[in-house]
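> Just the structure for this:
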Amino acid sequence: MKKRITALLALLLAGCSTGGEPTVGGDAEATAEVMTVTVGPQRVDCVGVGPMQCLVVDGGLFYDRIQGFEFEPGYQQTLRIERRQRFTPATAPADASLYQYRLLQVLDKQKARP
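Numbering: from 1, shown residues only. Take a look at the predicted model:
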């Protein structure tokens with residue numbers, strides 16, 4: 001009888017295992033979206049948690065960091081990036097983005113006109 005209970009308990013515990021890496025925030029979906037974006041040639045003043053310098057991505061302020069990307073002033077760059085959700089709105093810290101971004105490829109890099 002003890003062997004049956006032990007076997008049943010082992011099966012139940014095995015069924016509860018996710019088998020993968022947990023995401024930050026626990027229940028955030030680990031889906032990734034590949035995007036093509038254009039990064040402007042200059043950073044601009046913006047305010048996030050405090051005053052900071054933001055990238056201009058597709059004409060709008062971009063407050064996050066793109067892992068693997070080194071910004072070069074004076075160059076407009078077209079990038080292929082991956083956006084992955086790392087938090088849900090319910091689990092995100094107040095000063096954090098729901099997403100993390102990672103550079104996949106620099107598609108184009110051109111010297112900006114003055």
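> Longest strand in this protein, please.
In the chain, assigned by DSSP state E, the strand with the most residues is strand 99-111.
> Direction included, what does that strand pair against?
Strand 99-111 sits in its sheet next to strand 66-67 (parallel), strand 75-85 (antiparallel), going by DSSP bridges.
> Buried residues in the last one, which are they?
Using 16 or more other Cβ atoms under 10 Å as the burial criterion, the residues of strand 75-85 that qualify are 75, 76, 77, 79, 81, 82, 83, 84, 85. The C-beta positions use only the backbone N, C-alpha and C, and glycine is treated the same way.
> Quick one: mean pLDDT for that strand?
What strand 75-85 shows for mean pLDDT is 97.
> Would you mind listing the outside residues contacting it?
Residues from elsewhere that reach strand 75-85 (Cβ atoms under 8 Å, 6 or more residues apart in numbering): 23, 28-41, 66, 69, 98-112.
> How about stretch 50-69?
Here stretch 50-69 makes contact (Cβ under 8 Å, 6+ apart) with 37-40, 42-46, 48, 71, 79, 81, 97, 99-103.
> hmm, 6 Å instead?
37-40, 43-44, 46, 48, 81, 97, 101-103 (Cβ atoms under 6 Å, 6 or more residues apart in numbering).
> which among these end up buried?
37, 39, 40, 43, 81, 97, 101.
> Nearest residue to the residue positioned nearest the centre of the chain in space, ignoring adjacent ones along the chain?
By Cα atoms, centre = their mean, the mean C-alpha position of the chain lies nearest to residue 100, the distance being 1.2 Å. With sequence-adjacent residues excluded and distances taken as Cβ to Cβ, 6 or more residues apart in numbering, residue 100 is closest to residue 86, at 5.0 Å.
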